[in-house]
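Engineer: For reference, the sequence and a predicted model appear below.
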Amino acid sequence: MDKPLLNDEKEFPDEKVLSKYLGKTKTVWDEFINLISSEHPTFALEWRYYKDGKSWLCKLTKKKKTICWISIRDKFFKVTFYFTEKNDHDVNKLEIDQDLKDTYAQNRNIGKLKPLTIEVKNEKALRSIQELIRYKNQLK
């Protein structure tokens, strides 16, 4: 199982650090950031070091609402959305890759929430992420 990188509490994930870990995928990261800033200018990316997981994680927020969580891996990054059971039907109707829908349907709940995780290794994943951000944003 791959583990999140960015395990040094003193090494803030700035552009240089992200480039080091993401390698060629850094260009996809930059596209992801541009997508957020152009389509959702009121959203914020918040990096924080979590002592329980011993790594830096980023959350995309709109005011106090968390849209998704982002973790950095070796040459890629993961974006995870959490939904409640009542969202299952809607998620299945979204225009996202069928593989994501299938995996989401098989995922177990973590408490009352079920994760939908996307491994981002190329631009193709951004379309599904964009759709999920839109959906999550309109939820109350």
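Structural biologist: Structure received. Residues are numbered from 1 along each chain as shown.

Engineer: Tell me where the chain has strands.
Structural biologist: Assigned by DSSP state E, the strands in the chain fall at 44-50, 55-62, 65-72, 77-84, 113-120.

Engineer: To Leu18, which of these lies closest?
Structural biologist: Proximity to Leu18 (CB to CB) singles out strand 65-72 among the strands of the chain, at 6.8 Å. No exception for glycine: its C-beta is placed from N, CA and C like everyone else's.

Engineer: Show me what that closest one is in contact with.
Structural biologist: Contacts to strand 65-72, defined as CB atoms under 8 Å, 6 or more residues apart in numbering, come from residues 4-6, 13, 18, 21-22, 43, 45, 55-61, 77-82, 129, 132-133, 136-137.

Engineer: ok so, going back, turn the strands of the chain into a markdown table, including distance to Asn92.
Structural biologist: Converted to a markdown table, the strands of the chain look like this (distance: least, CB to CB, whole Å):
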| stretch | distance to Asn92 |
| --- | --- |
| strand 44-50 | 28 |
| strand 55-62 | 23 |
| strand 65-72 | 18 |
| strand 77-84 | 11 |
| strand 113-120 | 11 |
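
Engineer: Of all the ones you listed, which one is nearest Asp97?
Structural biologist: Counting by CB to CB, Asp97 lies closest to strand 113-120 out of the strands of the chain; the figure is 8.5 Å.

Engineer: Separate out the buried members of the contacts of strand 65-72.
Structural biologist: By neighbour count, with 16 or more other CB atoms under 10 Å, the contacts of strand 65-72 hold 4-6, 13, 18, 21-22, 43, 55-58, 60, 77-79, 81-82, 129, 132-133, 136 as buried.

Engineer: Test my guess that Ala125 contacts Ile118.
Structural biologist: Yes. At 5.2 Å, Ala125 counts as touching Ile118 under the criterion of CB atoms under 8 Å.

Engineer: Residues that sit against both of these two, list them.
Structural biologist: The contact lists of Ala125 and Ile118 share Val79, where a contact means CB under 8 Å, 6+ apart.

Engineer: low pLDDT regions in the protein?
Structural biologist: Applying pLDDT under 70 to the chain flags residues 1.

Engineer: for it, what spans make up the helices?
Structural biologist: Remark: helices assigned in the chain by DSSP state H are 15-22, 26-39, 88-93, 98-106, 124-138.
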